[in-house]
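Engineer: Show me how the following folds:
(one chain, ligands or ions: 1)
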Amino acid sequence: MFAGPLDQSILRRAQEKHLVEIRVHDLRDWTHDRHRVVDDVPYGGGAGMVLKPEPFFEAVDALRQDESQVLLLTPQGERFNHAMACRLAEMRHLIFLCGRYEGFDERVRTLADREVSIGDYVVSGGELPALVLIDATVRLIPGVLGDEDSAGQDSFAGGLLDHPQYTRPPVYRELRVPEVLLSGDHKQIRRWRRKEALHRTLRRRPDLLDRAILSVEDQGLLSEIRTKEEGEMSNTGRGHEHR
Ligand code: 9D3
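Structural biologist: The predicted model follows:
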């Protein structure tokens, strides 16, 4: 589950440049029986199996360094976000403990500095969530992205959704690229992009706008957007229908 994502594109190059070292371990390596059993029946009965505590404890004992942070991936954890990725990017050593659908012995939690979830949906185990954390975090390590400030220009860093993007051709199946982008007027282009980002964020993620840092110009653009939409609403009664 890890080899593919870790051997592609940005994560691959970050490792090649020695900006990060990522090691994958098999819990079965910390078992002592011939069949390398990592789970057992639940105390109290019931269906399914539970991941045993010993392999987790022995793995963390073996892998822990002075400044390790141990993260437990679980649906019950704190929801992962950009702020958390920023904090993780500053840590010296992270250990990701992945459970599975069957669940793990409650004592495993005592190993964790934090418990993290990637959102309110069920995936089959902690492996894909761990990869999400790794990908989001490694991008923020200085030198990983070619262009030094491309991480800073990402949405969520700036607190707004991205503006629309276009490439050639200028007209495709009668769908036109907005005129301003063809104009070469960079001041107008910057203004258009910012306004579109604000517009999208207002329509799709108003919760983000509440926390975004907005300049005086942004506030001006936002009131232009709001005024225009109020006009369209009274014209048709359907101002919110597009986008
Ligand atoms: C909440 C569902 N649980 C109720 C019976 C069972 C369960 C389902 C799937 C318990 C663990 C899992 C495996 N998922 C993870 O380990 C997991 C996860 C997730 O499913 N969603 C979002 N974030 C994460 S982080 C780890």
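Engineer: Return, as residue ranges, the portions of the protein with sub-threshold pLDDT.
Structural biologist: Residues of the chain that meet the criterion pLDDT under 70 lie in 147-155, 157, 236-243.
Engineer: domain parsing for it?
Structural biologist: Domain ranges of the chain: 3-138, 171-242, per automatic domain parsing.
Engineer: mind putting the ones you listed in a markdown table, distance to G146 and mean neighbour count included?
Structural biologist: Just so you know, the C-beta spots here come from the backbone N, C-alpha and C atoms, and that holds for glycine as well. Listed next are the domains of the chain as a markdown table, based on distance: least, Cβ to Cβ, whole Å; neighbours: other Cβ atoms under 10 Å:
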| stretch | distance to G146 | mean neighbour count |
| --- | --- | --- |
| domain 3-138 | 9 | 15 |
| domain 171-242 | 21 | 13 |
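Engineer: Go through those and name the closest to F156.
Structural biologist: Relative to F156, the nearest member of those by Cβ to Cβ is domain 3-138, separated by 4.2 Å.
Engineer: Tell me the residues of this structure that contact the ligand?
Structural biologist: 73-75, 99, 101, 103, 117-119, 121-126, 129 (Cβ under 6 Å from any ligand atom).
Engineer: The residues you listed in strands, which ones?
Structural biologist: Judged by DSSP state E, strands contain the following of these: L73, T74, P75, S117.
Engineer: Tell me which two in these are the farthest apart.
Structural biologist: Checking these with Cβ to Cβ, the most distant pair is L73 and P75, at 8.8 Å.
Engineer: got any residues that touch both of those two?
Structural biologist: Contact with both L73 and P75 is made by residues S117, according to Cβ atoms under 8 Å, 6 or more residues apart in numbering.
Engineer: what number of residues lie near the residue lying closest to R176 once chain neighbours are set aside?
Structural biologist: Distances taken as Cβ to Cβ, 6 or more residues apart in numbering place P170 nearest to R176, at 6.9 Å, with adjacent residues excluded. By other Cβ atoms under 10 Å, the residues close to P170 number 13.
Engineer: helix/strand/coil for N235?
Structural biologist: With DSSP: H, G, I helix; E, B strand; the rest coil as the basis, N235 sits in helix.
Engineer: oh, I was asking about Q15
Structural biologist: For Q15, the assignment made with three-state DSSP gives helix.
Engineer: and the gap between the residue lying closest to it once chain neighbours are set aside and the ligand?
Structural biologist: Take Q15 and drop its neighbours on the chain: the residue closest to it by Cβ to Cβ, 6+ apart is I22, 6.2 Å away. When distance is defined by Cβ to the nearest ligand atom, to the nearest Å, I22 is 18 Å away from the ligand.
Engineer: wouldn't I22 be in contact with L11 here?
Structural biologist: Yes - between I22 and L11 there is a contact under Cβ atoms under 8 Å: 7.4 Å.
Engineer: which residues are common contacts for the two?
Structural biologist: I134.
Engineer: Strands along this protein, start to end?
Structural biologist: According to DSSP E, the strands that the chain contains are 39-40, 50-51, 68-79, 93-98, 114-117, 171-172, 175-176.
Engineer: Dihedrals phi and psi, the residue nearest to Q15?
Structural biologist: Per-residue torsions, I22: phi -120, psi 120 (degrees, to the nearest 10).
Engineer: show me the contacts for it.
Structural biologist: By Cβ under 8 Å, 6+ apart, the neighbours of I22 are L6, L11, Q15, I134.
Engineer: out of these, who's nearest the ligand?
Structural biologist: Nearest to the ligand among the contacts of I22 is I134, at 12.8 Å by Cβ to the nearest ligand atom.
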